[in-house]
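# Any chance you could fold what I've pasted below:
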Amino acid sequence: MKELQKIIKNESLNTFFQPILKLNSGETIGYEALNRPAANNLFSDTEIFYDFVGQTNQVFFFECFCRNLSLKRFIERYKVNQQDQTSLIFINIHPHVLLDSTYHSGETLQLLSGLGIEPKQVVFELTEKSAVTDFKLFEQVLSNYREQGFRIAIDDVGSGYNSLKTLIYLKPEFIKLDKALIQHIDQNKEQQQLVKLIIDYAKQSSTEIIAEGIERIEDLAFLCEQGVHYGQGYALGQPKQEIKPGIIPQHYSHHHEITPRNLFLKTV
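Residues are numbered from 1 along each chain as shown. This is a model prediction of the structure:
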């Protein structure tokens, strides 16, 4: 716990940004912020660190800390590159934090105003692995955020949790397909059928799809053929501390050397 408090006090988390690309044009439309601590004796990897945070009473405070840090570092590094100031920033957030009575959306608006970021640029990415139980209440909370301009993405869709109910009730602007659905999809009929069903649902509900975990040119080709809107993955752009647009690869092999993925696990 002392080490966690020290990390928060010193802001000793590394923040990485992974590009999200429009598959039909190669344009980078936004970045997902990923935070990880430097490895030490207590927290040998990112997964162990976030497992620990999830078991403490610091989840709410730590989430707010990560949100603020991600936004501040995003705008600092974004300005350095003098990029177009309309890029989206995807922030991972635990659903329970949005429901917490001590969490005030006005604080987020105030922070954004100070940084020069519009609420419409911010996408709250809710992991489906944290089950929402009171959908009606959550729907009302999300409506409040949407009225202010924020958008919602549901992460890990297709990973075996309560996908359908989450999608139907929360009506996200973005559906992020879990990497387990995407990897080697060109070789797996079951994965293909499920992805096609979600694509059909997205068309009917005016939702846009982001495929995560794209690491092979074959997977990318299949997704493009199916009309998936956006993609994210090591084939398109690795998480980097500097904000760097991704690129659609002309030639990409699954033998390509990549950085170990567990370094960039998402926040709790």
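
# and the spatially closest residue to residue 78 that is not a sequence neighbour, what helix or strand is that in?
Leaving out its chain neighbours, the residue that sits closest to residue 78 by Cβ to Cβ, 6 or more residues apart in numbering is residue 243, at 5.4 Å. Bear in mind the C-beta positions are built from the backbone N, C-alpha and C, glycine included. Using DSSP states H and E, residue 243 falls within no helix or strand.

# State the phi and psi torsions of residue 243.
phi -90, psi 110 (degrees, to the nearest 10).

# for the one 3 residues further on, same thing?
Its backbone dihedrals place residue 246 at phi -80, psi -180, with angles given as degrees, to the nearest 10.

# Provide a list of residues in contact with it.
By Cβ atoms under 8 Å, 6 or more residues apart in numbering, the contact list for residue 246 reads 19-21, 26, 28, 236-237.

# hmm, which of those are the buried ones?
Among the contacts of residue 246, those that count as buried by neighbour count (16 or more other Cβ atoms under 10 Å) are 19-21, 28, 236-237.

# Can you add pLDDT, distance to residue 127 and secondary structure and give the residues you listed back as TSV?
What follows is the buried ones among the contacts of residue 246, written out as TSV (pLDDT from 0 to 100; distance: Cβ to Cβ, whole Å; DSSP: H, G, I helix; E, B strand; the rest coil):
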residue	pLDDT	distance to residue 127	secondary structure
19	97	20	strand
20	98	16	strand
21	97	21	strand
28	95	23	strand
236	96	21	coil
237	96	21	coil
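
# Tell me how many other residues surround the closest residue to residue 165 other than its chain neighbours.
With sequence-adjacent residues excluded and distances taken as Cβ to Cβ, 6+ apart, residue 165 is closest to residue 135, at 7.0 Å. Applying other Cβ atoms under 10 Å, we find 14 residues neighbouring residue 135.
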